[in-house]
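Trainee: give me the fold of what follows.
(chains A and B)
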Amino acid sequence: MVRTIDLSLPMSEEVARDLHAGDIVLMNGSMVTGRDRIHKFLVEQKPSPESLPFPLAGSVLYHCGPIMKKTEDGFKVIAAGPTTSMRVEMYEQEVISASGIRGVMGKGGMGDKTRQALKDHGCVYLNTIGGAAVYLADRITKVLGVWKLDEFGLAEAMWHLEVKDFPAIVTMDSHGNDIHRDIEASSMSKLRELIGLGQA
Amino acid sequence: MLKLRDGIVELYRKVATSLPPDIEDALKTALPREEEGSAARSSLSIILENTRLARETVRPLCQDTGVPVFYLKVPIGLSQIELRETIIEATRMATEKVPLRPNAVDVVTEKNSGDNTGLGFPVIYFEETASGTLTIDLMLKGGGCENAGQTYRLPAAELNAQRDLEGVRRCVIDAVQKAQGKGCPPYIIGVGVGAAKDQVTRLSKEQLMRRLNDSNKVPELASLETRLLEDINQLGIGPHGMGGRTTALGVKVGVNHRHPASYFVDVSLSCWADRRGRLIW
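Mentor: Sure, this is the predicted structure:
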């Protein structure tokens, strides 16, 4: 049974643990972006939470390198779809444990270490629509702030964003469920059938 | 060359903000095949909505405007040096005007050039033509799906893939199974077969410029393309890897002669946003 859930951000551990793989969520509130360089920086430099211009605890960390345009009233989001999450697999466990984020969002799912961290700390992985960058940008209502813009550039900076009805599907939950792992396994068994290898 | 430069900026705008009609039609055809209420169906409908919005508001349909790859057919006597300079100038202008995301990063300093130009960036291939018209094809190739490509050297024991077209088929299915949802399916898949590593990767990417209804002129390859599309859509990976019947929209195979000792198969994946376009001058 597919549930559609209105999710207010930031969220508590209890709310995160109540989410299950297959749930469709519409997010309202604030989230942050962070991709390759932000992850590397957070893990290598271990900045204190106070040194960041906005809090990460309870937030969703969106794997996204947006197109932004600078206007007189500040930055405007032009396009903001997800990037491939697996590239930050080596960092995510530590980022979840140090920052207290309750959601990681991107595309394509993540690996064993992240799945374990979701369980240990009460967090979920959210899969959103790859390439739907304009549709998703229209669900970002405001740019609240930015961190590391000069150092990492527009695409790799951490953006603090206000969102309204931002859609995603919970594909990995804090109970060990993982839709990506399941589809990988079933497609592998289909592949073996298609090329006549027999089941592993 | 100034007019040509502006023409290339417009080509960038068109390719970044609109999906080729054959791809959009294929997505529309795929939608009703997915179950009502499924993740596959809702993600296809969001993709189509996104495509419409991008075209109407003239915004890039994906934030990753990719690596620009140019294929030029140049009439005899036209300077390739000048054409290259014109493309680079147009790339700088398009980055600002469309806008494109600055994607060119210096490997040594880690600095983003900010304007999508740099060493080997954009990618430009020239070919001379006896025709009197200059043809410029542009593809914006996203990074996520570029990372999902694979190169195989046949024979490949783990797939029991020998040096024949059945071996090629096995490689392609394997590449898509490995890619899962990481490169934004439904995919358009280009395959290149031949003797040299550099040549097959270029050949596989060139196949992504073919329209979906462009059937291979070689009957054996045409039937391989059809069969592979059916095979891949049985994998159950689906739009964005969340399950479903639509894992690919098309498979295109290109071949060169191979060396007796070498049988390379390269698989290039394009995300559903196979952004390509042509300027004839």
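
Trainee: which residues touch residue B:60?
Mentor: A:67, A:78-79, A:133-134, B:16-17, B:54, B:98-101 (Cβ atoms under 8 Å, 6 or more residues apart in numbering or on different chains). (C-beta placed from N, C-alpha, C; glycine too.)

Trainee: let's go with 6 Å and repeat that
Mentor: Residues near residue B:60 by Cβ atoms under 6 Å, 6 or more residues apart in numbering or on different chains: A:79, B:16-17.

Trainee: what of residue B:140?
Mentor: Here residue B:140 is in contact with B:15-16, B:65-66, B:68, B:275 (Cβ under 6 Å, 6+ apart).

Trainee: what do you get for residue B:126?
Mentor: Here residue B:126 is in contact with B:72, B:74, B:80 (Cβ under 6 Å, 6+ apart).

Trainee: adding distance to residue B:36, secondary structure and neighbour count, write the contacts of residue B:140 out as JSON lines.
Mentor: Shown next, in JSON lines, are the contacts of residue B:140 (distance: Cβ to Cβ, whole Å; DSSP: H, G, I helix; E, B strand; the rest coil; neighbours: other Cβ atoms under 10 Å in any protein chain shown):
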{"residue": "B:15", "distance to residue B:36": "33", "secondary structure": "helix", "neighbour count": "26"}
{"residue": "B:16", "distance to residue B:36": "33", "secondary structure": "helix", "neighbour count": "28"}
{"residue": "B:65", "distance to residue B:36": "34", "secondary structure": "coil", "neighbour count": "30"}
{"residue": "B:66", "distance to residue B:36": "33", "secondary structure": "coil", "neighbour count": "26"}
{"residue": "B:68", "distance to residue B:36": "39", "secondary structure": "strand", "neighbour count": "29"}
{"residue": "B:275", "distance to residue B:36": "30", "secondary structure": "strand", "neighbour count": "27"}
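
Trainee: pipe those residues into JSON lines and attach pLDDT and distance to chain A per row.
Mentor: Below are these laid out as JSON lines (pLDDT from 0 to 100; distance: Cβ to the nearest Cβ, whole Å):
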{"residue": "B:15", "pLDDT": "98", "distance to chain A": "14"}
{"residue": "B:16", "pLDDT": "98", "distance to chain A": "9"}
{"residue": "B:65", "pLDDT": "97", "distance to chain A": "7"}
{"residue": "B:66", "pLDDT": "97", "distance to chain A": "11"}
{"residue": "B:68", "pLDDT": "98", "distance to chain A": "15"}
{"residue": "B:275", "pLDDT": "97", "distance to chain A": "10"}
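
Trainee: where does the nearest residue to residue A:99 once chain neighbours are set aside land on pLDDT?
Mentor: Distance criterion Cβ to Cβ, 6 or more residues apart in numbering or on different chains; nearest residue to residue A:99, sequence neighbours excluded, is residue A:56 at 4.1 Å. Residue A:56 is assigned a predicted lDDT (pLDDT) of 96.

Trainee: quick check: residue A:56 touching residue A:103?
Mentor: No - Residue A:56 lies out of contact with residue A:103 (Cβ atoms under 6 Å); the separation is 11.0 Å.

Trainee: pull the longest helix along chain A out as PDB, backbone CA atoms only.
Mentor: Ranked by residue count under DSSP state H, the longest helix found in chain A is helix A:179-194. Output of helix A:179-194 as PDB, limited to C-alpha atoms (Å, rounded to 0.1, in the frame of the first residue of the first chain):
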ATOM      1  CA  ILE A 179      14.100  -0.900  -3.000                       C
ATOM      2  CA  HIS A 180      17.400  -0.300  -5.000                       C
ATOM      3  CA  ARG A 181      19.000  -3.500  -3.600                       C
ATOM      4  CA  ASP A 182      15.800  -5.500  -4.300                       C
ATOM      5  CA  ILE A 183      15.600  -4.300  -7.900                       C
ATOM      6  CA  GLU A 184      19.300  -4.900  -8.400                       C
ATOM      7  CA  ALA A 185      18.900  -8.500  -7.300                       C
ATOM      8  CA  SER A 186      15.800  -9.200  -9.400                       C
ATOM      9  CA  SER A 187      17.300  -7.600 -12.500                       C
ATOM     10  CA  MET A 188      20.500  -9.700 -12.000                       C
ATOM     11  CA  SER A 189      18.400 -12.900 -11.900                       C
ATOM     12  CA  LYS A 190      16.600 -11.700 -15.100                       C
ATOM     13  CA  LEU A 191      20.000 -11.000 -16.700                       C
ATOM     14  CA  ARG A 192      21.200 -14.500 -15.900                       C
ATOM     15  CA  GLU A 193      18.000 -15.900 -17.400                       C
ATOM     16  CA  LEU A 194      18.400 -13.800 -20.600                       C
END
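
Trainee: hmm, it touching chain B?
Mentor: Yes - Helix A:179-194 lies within reach of chain B by Cβ under 6 Å from any Cβ of the partner chain, at A:183-184, A:186-187, A:190-191, A:194.

Trainee: so which of those residues is the most crowded?
Mentor: The most crowded member of the residues of helix A:179-194 next to chain B, judged by other Cβ atoms under 10 Å in any protein chain shown, is residue A:187 (24 neighbours).

Trainee: helix/strand/coil for the residue lying closest to that one once chain neighbours are set aside?
Mentor: Nearest residue to residue A:187 in three dimensions, chain neighbours excluded: residue B:235, at 4.3 Å (Cβ to Cβ, 6+ apart). Following DSSP: H, G, I helix; E, B strand; the rest coil, we place residue B:235 in the coil state.

Trainee: which ones are touching residue B:235?
Mentor: Residue B:235 sits in contact with A:187, A:190, B:247, where contact means Cβ under 6 Å, 6+ apart.

Trainee: do you know how far the second one is from residue B:169?
Mentor: From residue A:190 over to residue B:169 the distance is 14 Å, taken as Cβ to Cβ, to the nearest Å.

Trainee: got the contact list for residue B:27?
Mentor: Applying Cβ under 6 Å, 6+ apart, the residues contacting residue B:27 are residue B:48.

Trainee: hmm, try it at 8 Å
Mentor: Applying Cβ under 8 Å, 6+ apart to residue B:27 gives the contacts B:19, B:44, B:47-48, B:51, B:186, B:249, B:272.

Trainee: ok, and which of the residues you listed reach chain A?
Mentor: The subset of those lying close to chain A, counting by Cβ under 8 Å from any Cβ of the partner chain, consists of B:47, B:272.

Trainee: residue A:56 and residue A:103: which is more packed in?
Mentor: Neighbours per residue (other Cβ under 10 Å) separate residue A:56 from residue A:103, with residue A:103 holding more: 27 against 23.

Trainee: do you know how far the nearest residue to residue A:121 once chain neighbours are set aside is from residue B:94?
Mentor: Nearest non-adjacent residue to residue A:121, counting by Cβ to Cβ, 6+ apart: residue A:96, 5.3 Å away. Distance of residue A:96 to residue B:94, given as Cβ to Cβ: 38 Å.

Trainee: now the residues of helix A:179-194 next to chain B in CSV, with pLDDT?
Mentor: CSV is the format used below for the residues of helix A:179-194 next to chain B (pLDDT from 0 to 100):
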residue, pLDDT
A:183, 97
A:184, 97
A:186, 97
A:187, 98
A:190, 97
A:191, 97
A:194, 96
